[in-house]
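**Q** I would like to see how this sequence folds:
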Amino acid sequence: MMTSFISAELRPTVAPGETAMPKPTDSNRFLLWIDAVGGYLVSTGDRVRIGQMTPGNDVEVPIFADLARHHATLRRDGESYLVEPVHSVRVNGRTIDRTTIVGDGATLELGRGVELRLRQPNPLSTTACLEIASRHRTQPTTSGIVLMAETCVLGPAASSHIVCRGWSRNVVLHHLGDSLYCVTEGAFAVGGVVCQRRGLVKPGAQVVGDEFTFSMESA
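**A** So this is what the prediction gives:
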């Protein structure tokens with residue numbers, strides 16, 4: 001799907017002499033910490049496994065709860081999301097025993113009482129957000145989980161993947177190949193280096209604009 005909320009002149013391309021940097025982690029996961037907003041677990045893979053937070057368990061979404069080590073898988077398939085139950089899963093109150101499509105606003109209940117809500121707020125992006133609606137938490141504790149396709153929109157509107165009240169404009173994270181970019185109007189700094197309208201984000205760098213600050217670290 002075309003991400004037309006990024007204008008042609010802002011859409012990232014690898015410029016001559018620009019060295020591509022890897023995405024923040026080899027496991028396709030990173031933690032995004034946004035000042036005055038919260039922390040988010042971001043996965044750029046097409047498939048995420050959900051399971052119990054326990055030592056040695058390498059699922060992409062670990063939750064402190066009475067779940068199996070690998071309880072279910074969420075998979076992006078084109079513009080849709082599918083849930084593959086490994087153990088007990090209910091979608092909108094209905095028990096499923098096979099791969100099932102889940103849409104915007106769907107509630108997933110895993111095991112006994114772990115409730116997750118899938119949200120696809122932006123019709124121009126296949127990126128989805130996974131909110132924990134019950135009192136359980138991830139490790140480390142985060143405000144939400146982003147299942148990132150090409151883009152992740154941070155901004156003041158309800159259609160943003162991460163709503164940042166008080167901001168006056170959108171900031172878009174966009175990955176191209178193995179590179180991750182920050183795209184927005186105006187100037188900002190990545191790791192202390194001033195960028196104009198777009199910048200290549202290096203692993204561990206802090207990104208600072210006139211009204212926003214965020215950083216990334218390995219999950």
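**Q** From residue 183, how far off is residue 45?
**A** 21 Å (C-beta to C-beta, to the nearest Å). Just so you know, the C-beta spots here come from the backbone N, C-alpha and C atoms, and that holds for glycine as well.
**Q** Compare the two and say which is more crowded by neighbours.
**A** Higher neighbour count among residue 45 and residue 183: residue 183, with 22 against 14, using other C-beta atoms under 10 Å.
**Q** The more buried one contacts residue 174, correct?
**A** Yes - using C-beta atoms under 8 Å, residue 183 is in contact with residue 174, at 5.5 Å.
**Q** need the contact list for the residue nearest the centre of the chain.
**A** With distances taken as C-alpha atoms, centre = their mean, residue 146 lies nearest the centre of the chain, 2.2 Å away. Contacts for residue 146 (C-beta atoms under 8 Å, 6 or more residues apart in numbering) come out as 32, 40-43, 127-130, 152, 161-162.
**Q** same thing with residue 191?
**A** By C-beta under 8 Å, 6+ apart, the residues touching residue 191 are 202, 205-206.
**Q** By neighbour count, which of those wins?
**A** With neighbours defined as other C-beta under 10 Å, the most crowded of those is residue 205; it has 22 neighbours.
**Q** Could you report the separation of the nearest residue to that residue once chain neighbours are set aside from residue 204?
**A** Leaving out its chain neighbours, the residue that sits closest to residue 205 by C-beta to C-beta, 6 or more residues apart in numbering is residue 191, at 3.7 Å. Residue 191 sits 8 Å away from residue 204, going by C-beta to C-beta.
**Q** Would you mark the buried spots in the lengthiest strand in the chain?
**A** Criterion DSSP state E: the longest strand present in the chain is strand 179-190. Neighbour-count burial for strand 179-190, counted by 16 or more other C-beta atoms under 10 Å, picks out 179-184, 188, 190.
**Q** rewinding a little: now intersect the contacts of residue 191 with the strands, please.
**A** Among the contacts of residue 191, the members falling in strands are residue 206 (criterion: DSSP E).
**Q** low pLDDT regions in the protein?
**A** Residues of the chain meeting the criterion pLDDT under 70: 1-27.
**Q** Domain map for it?
**A** Per automatic domain parsing, the structural domains of the chain span 29-38+150-218, 46-147.
**Q** unless I'm mixing things up, residue 121 is touching residue 131, no?
**A** No - using C-beta under 8 Å, residue 121 is not in contact with residue 131, being 11.0 Å away.
**Q** now stretch 135-150, how far from the centre of its chain.
**A** Taking the mean of its C-alpha atoms, stretch 135-150 sits 8 Å from the chain's own mean (C-alpha atoms, centre = their mean, to the nearest Å).
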